[in-house]
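Q: give me coordinates for this.
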Amino acid sequence: MKLWPFFTYFGGKWRAAPHYPAPAYDTLVESFAGSAGYAVRNAERNVILCEANATIAALWRWLIEVPSDEIRNLPLIGDGDHLDSTKFSSLHPCARALIGFWLNKGMTAPCKTPSKWMRDGVRPDSQWGLVIRERIAMQVEAIRHWAVVDDYREVTNGYATWFVDPPYSGVLGLRYRKHDIDYASLAMWCKKRIGQVIVCENAGATWLPFRDFRVIKGMEGAKRSGKSVEVIWTNDVCTNELSA
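A: So this is what the prediction gives:
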């Protein structure tokens with residue numbers, strides 16, 4: 001079963017995931033989860049998501065456990081609706097967060113009102129509505145075996161595929177709520193992982209010996225080009241698998 005994003009998030013890798021080396025191990029650790037695009041593409045693995053943003057970590061824990069019918073019963077958005085209104089006040093906070101991420105895609109926090117694209121009916125089946133709600137309800141059954149931790153350093157080092165997609169070290173990284181990264185320490189941590197290590201960054205990063213990867217498609221918008229120039233670092237386990 002091909003899984004689609006459970007929600008979208010700034011810098012997410014779901015579109016780009018097929019271009020990265022395939023997982024070489026049964027255990028897959030996504031060390032800065034966000035919307036977990038690489039894990040969603042490889043959901044059958046023993047997935048461990050690491051996420052310091054409490055809202056995102058809680059949302060993933062909720063998605064892993066929530067009954068499908070509870071998703072199907074979530075309200076839709078009507079004209080003039082606002083997530084702080086009475087209509088949504090009784091919802092679980094994570095349910096509101098899920099809906100909020102689908103009101104304006106590719107953001108770093110849930111929104112409370114629909115984007116202009118959603119209000120104007122642009123690509124309606126890609127915004128919160130019947131199609132997205134049913135898709136998520138069907139997909140939660142495929143991630144019941146996943147686990148979530150708050151800090152990537154909590155995961156015991158062992159043979160696994162380590163997909164590391166931190167907030168980027170340049171200006172783009174400042175958009176995330178949790179962007180205070182010690183990149184020198186992170187580089188050392190990456191080099192010490194056992195198994196397969198795949199590290200993502202934006203062009204210009206120097207905290208690892210990155211190499212050119214590809215231009216990937218992202219979310220378009222008034223202030224977003226929809227393109228990101230990506231670089232990559234891998235260890236020897238997947239060097240031969242990498243294709244630009």
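Q: what's the weakest-modelled helix or strand in this protein?
A: For the chain, the helix or strand with the lowest mean confidence is helix 236-239, at a mean of 64 (criterion: mean pLDDT, DSSP states H and E).
Q: so which strand or helix has the spatially most central residue of the chain?
A: Among the residues of the chain, S35 comes closest to the average C-alpha position under C-alpha atoms, centre = their mean, at 1.8 Å. Assigned by DSSP states H and E, S35 falls within no helix or strand.
Q: any idea of the pLDDT on it?
A: In the predicted model, S35 carries a pLDDT score of 96.
Q: where do the strands sit along this protein?
A: 27-30, 46-50, 147-149, 160-164, 195-202, 211-221, 224-234 (DSSP state E).
Q: buried set for the shortest one?
A: I take that to be strand 147-149. By 16 or more other C-beta atoms under 10 Å, the buried positions in strand 147-149 come out as 148-149. Bear in mind the C-beta positions are built from the backbone N, C-alpha and C, glycine included.
Q: ok, D180 - how many residues close by?
A: 9 (other C-beta atoms under 10 Å).
Q: same question, T27
A: T27: 16 neighbours (other C-beta under 10 Å).
Q: ranges for the helices of this protein?
A: 37-41, 54-65, 68-72, 86-89, 93-103, 116-119, 130-139, 183-192, 236-239 (DSSP state H).
Q: relative to Y159, which of the ones you listed is closest?
A: helix 236-239 (9.6 Å; C-beta to C-beta).
Q: so which of the helices of the chain is the most packed in?
A: Compared across the helices of the chain, helix 37-41 shows the largest average neighbour count, a mean of 24 (mean count of other C-beta atoms under 10 Å).
Q: show me where pLDDT drops low in this protein?
A: 170-179, 218-226, 238-244 (pLDDT under 70).
Q: quick check: the residue of it positioned farthest from its centre vs I77, distance?
A: Centroid-distance maximum for the chain: T86 at 29.4 Å, with C-alpha atoms, centre = their mean. The gap separating T86 from I77 is 14 Å, by C-beta to C-beta, to the nearest Å.
Q: tell me which of the strands of the chain sits most buried.
A: For the strands of the chain, average neighbour numbers computed from mean count of other C-beta under 10 Å are highest in strand 160-164, which has a mean of 26.
Q: can you list the strands that that strand pairs with?
A: Counting by DSSP bridges, the strands paired with strand 160-164 are strand 27-30 (parallel), strand 195-202 (parallel).
Q: could those strands go into JSON lines alongside distance to C94?
A: Formatted as JSON lines, the strands paired with strand 160-164 follow (distance: least, C-beta to C-beta, whole Å):
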{"stretch": "strand 27-30", "distance to C94": "19"}
{"stretch": "strand 195-202", "distance to C94": "26"}
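Q: quick one: closest of those strands to S228.
A: strand 195-202 (6.5 Å).
Q: thinking again about what came up before, now do the contacts for the residue nearest to the centre of the chain.
A: When contacts are counted by C-beta atoms under 8 Å, 6 or more residues apart in numbering, S35 touches 5-9, 12, 14.
Q: and what of G129?
A: Going by C-beta under 8 Å, 6+ apart, the list of residues near G129 reads 76-77.
Q: try 10 Å
A: 76-77, 102, 118 (C-beta atoms under 10 Å, 6 or more residues apart in numbering).
Q: sounds good, over and out.
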